[in-house]
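Student: okay, predicted coordinates and the sequence, questions at the end:
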Amino acid sequence: MSTNLLIWIILSPLIGAILNGALYFYNIKKRNIGELPFAFIGTLTPLISFLITLSLFLKMLEEKIIFKQHIFTWLNISSLNVDMAFLGDNLAIFMSMFVTFVGWLIHIYAVGYMKGDEGFGKFFAYFNLFLASMLILVLADNPVILFIGWEGVGVCSYLLIKFYYGDKNNVLAANKAFIVNRVGDFGFLLGIATLFFALGQVDLSFSSIEANLGNTTNGWLLLAGFLLFVGAMGKSAQIPLYTWLPDAMAGPTPISALIHAATMVTAGVYMVARFHFLYSGIEEIGTFIAYIGAFSALLAAIIATRQTDIKKILAYSTMSQLGYMFIAVGLGFYSTGLFHVFTHAFFKAMLFMGAGGVILAIHHEQNIFNIAKHRASLPIISTTFLIGVIAISGIPPFSGFFSKDAILAAAFQEGHYLIYGIALFTAFLTAFYMFRLYFIVFVTPNHHKKEYVYTSMTITIPLLILAIGAIGAGFLNFPSIFGGSHMVDSFLGSLNSKTITISHNTEYILMALSVLVASLGIFVAYKKYANFDLEKPELEVGFIGRKLYVDELYDLIFVRGLKSISKLFDKVIDDKIIDDTIMRISTGFVNVGKRVATIQNANVRFYAVFMLLGMTFAFIYLYISLGL
């Protein structure tokens, strides 16, 4: 019976999406049914998914079992067999637990945030579909089904980023996200195809892939691992496929929270952990992943220090934190990386939701300096936002400290001191730019009288619940040096993840250094921004403010470059070479036809002469060929 519940984790939000979509079409025919039915369906279905997941989690703890549900055989062609099947192992249930829980809280938050919007019903239809797609991705038993969810979150992100499609910039941002992710997805597809042809197997389930890895060479596995990670670069916004992420802030704030905290961008980290049996055996690709993560974390942190849009600062912080996660999974510390995914879900969802509350209170203003000039009294939002900022900065005992510190220790233990140094400096930058954001928005003095703004309980209650997670989630993987039992590491033991084995003294030193560096970042931010002159705000100018001109570089190389190549093919190769050649051949045939046409002069005796000549040559040929 428990196994049969697995599909309902997905079906619940999927049915919610269908019902909300049908109600929305019914509603637009001037039958005003109000927002309550949409809100009820939109929030109830994620809750059902969470409760089912929780029941399976508790049963898993009690009976030490995994769940697998075969729905039907989708493809059975020659040597290709793909089942529509779902897997509820420790990794899948762990991810589903916080995806559904945090996703449910974001859905509740969206009820208050989207109140009064004419697209309220449509938004919840897309929102439920987004969650269902992520759950397909997480619970898939094979990479083909995983790819369905992978593409599903891509389509939903496109629909939600351009939700206010009346603004051209929103549509361009959605197009950018969709196109950049298609580049990564093409690599992912090639990776699946490479595995299939390299292994020569009939079953593409993850267990079958793992069992058949010995059927091919290390070179093929290296290629497959790289191509799969190209997909992760796109979905999880890592160098070089990260430029879509800040532009994705064009969508309503609830979708920003869902993308960054519980869905989509964490998919790449999950995928690498799901293929742990592939990456564990290929040290080269693992190291490559770790370095991509390190440089992505650093690049995003540097850019974030000069941004002025509150949501874009948080977007770059997500990219940076994802870089930490890839450092961990790249070095083989899969449970450590997933633990940071877990803690990050709480404080990042809270930060985005807090930012959304501020944006609503200041009438949709997103520039942090303008927000500061017209600051409102938002006690719950400001308090929870501070908790999130402290957590992401890695200050104990908040959750971000435990998960990020474990990643730093992992890099140091493995002897990757460059990665460790980059990650440590990024920790300084993280504390700096996040407290820069906090001090400007909530602390810097202004001449405007603060007025209390009522915030809906559908916004504040999810924030308070997430604040508890941001403070206490780290204790679920409490380090052994403090008497902890590493519960998350133990639960995810099937991943064969590496663990921290350095001496306690070394670990104490690394922790102290991490806290010192983060504290220094906070101090620098305090000195510069706690009493900042709002009459002279910083502008997004300069090399860093312009995001290192990467967008302009991509536009020059790929957009304008491809346009130039297209024009070359159109004007030179197509018009001058292909068309001219065809026209010359055609003209030649016409000229030959005209010459031949002169023979057709309606003179019977003329025709008779040519017939006689033809017959004569035919008889001569036959005479010679037959040897007569």
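Tutor: Nice, I can see it. Numbers count the residues shown, from 1 in each chain.
Student: what about N169, neighbour count?
Tutor: Counted with other Cβ atoms under 10 Å, the neighbours of N169 add up to 11. Glycine gets a C-beta too; all of them are placed from N, C-alpha and C.
Student: so for the residue lying closest to it once chain neighbours are set aside, what's the pLDDT?
Tutor: Setting aside the residues directly before and after it, N169 is nearest to A250 in space (Cβ to Cβ, 6 or more residues apart in numbering), at 6.4 Å. For A250, the pLDDT comes out at 87.
Student: residue contacts, A250?
Tutor: 161-162, 164, 167, 169-170, 173-174 (Cβ atoms under 8 Å, 6 or more residues apart in numbering).
Student: next, count neighbours for E63.
Tutor: 9.
Student: and L139, how far is that from A431?
Tutor: L139 is 36 Å from A431, where distance means Cβ to Cβ, to the nearest Å.
Student: just the buried ones out of the contacts of A250, please.
Tutor: If you count burial by 16 or more other Cβ atoms under 10 Å, the buried members of the contacts of A250 come out as 161-162, 170, 173-174.
Student: among these, which are in helices?
Tutor: Of these, the ones assigned to helices by DSSP state H are 161, 170, 173-174.
Student: point out where the stretch 151-300 of the chain drops to low pLDDT.
Tutor: 201-202 (pLDDT under 70).
Student: CSV for the contacts of A250, including distance to T243?
Tutor: Shown next, in CSV, are those (distance: Cβ to Cβ, whole Å):
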residue, distance to T243
I161, 14
K162, 17
Y164, 21
D167, 19
N169, 15
N170, 16
A173, 11
A174, 14
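Student: of those residues, closest to I10?
Tutor: Using Cβ to Cβ, I161 comes nearest to I10 of those, at 23.2 Å.
Student: the closest one contacts V180, doesn't it?
Tutor: No: the pair I161 / V180 is not scored as a contact, 11.9 Å apart, by Cβ atoms under 8 Å.
Student: what sits in contact with each of the two?
Tutor: Counting by Cβ under 8 Å, 6+ apart, nothing touches both I161 and V180.
Student: let me see the contact set for L129.
Tutor: Shown in contact with L129 (Cβ under 8 Å, 6+ apart): 13-14, 17, 152, 156.
Student: and what of E35?
Tutor: E35 makes contact with 111, 115, 120-121, according to Cβ under 8 Å, 6+ apart.
Student: do a quick rundown of the helices in the stretch 101-250 of the chain.
Tutor: Assigned by DSSP state H, counting those that start in this stretch, the helices in the stretch 101-250 of the chain fall at 120-139, 143-161, 168-199, 206-211, 218-235, 244-247.
Student: and which of the contacts of A250 is nearest R274?
Tutor: Distance to R274 across the contacts of A250 (Cβ to Cβ) is lowest for I161, with 26.0 Å.
Student: which residues sit in contact with the closest one?
Tutor: 170, 173-174, 177, 247-248, 250-251, 255.
Student: redo that, cut-off 7 Å
Tutor: Contact analysis of I161 by Cβ atoms under 7 Å, 6 or more residues apart in numbering lists 170, 173-174, 177, 248, 250-251.
Student: over to L351?
Tutor: Counting by Cβ under 7 Å, 6+ apart, the residues that L351 touches are 314, 385, 388.
Student: mind checking which of these land in helices?
Tutor: Residues of the contacts of L351 located in helices (DSSP H): 314, 385, 388.
Student: most surrounded residue in those?
Tutor: Counting neighbours by other Cβ under 10 Å, G388 comes out on top of the ones in helices among the contacts of L351 with 30 neighbours.
Student: so where's the stretch 451-600 of the chain uncertain?
Tutor: For the stretch 451-600 of the chain, the stretches flagged by pLDDT under 70 are 540, 575, 596-600.
Student: tell me which residues are up against the strand with the most length in the chain.
Tutor: Ranked by residue count and defined by DSSP state E, the top strand of the chain is strand 67-77. With contact meaning Cβ under 7 Å, 6+ apart, strand 67-77 is reached by 2-4, 6-7, 56, 81-88, 141.
Student: contacts for the helix or strand that that strand is followed by, please.
Tutor: Next along the chain after strand 67-77, taking DSSP states H and E as the criterion, comes strand 80-88. Contact with strand 80-88 is made by 6-7, 56, 66-75, 139-142, 144-145, 202-204, as judged by Cβ under 7 Å, 6+ apart.
Student: what is the burial count for E284?
Tutor: 11.
Student: so the strand or helix carrying it versus helix 218-235, what angle?
Tutor: Using DSSP H and E, E284 maps to helix 283-304. Here helix 283-304 points in a direction 20 degrees away from that of helix 218-235 (axes from the mean of the first three to the mean of the last three Cα atoms, to 10 degrees).
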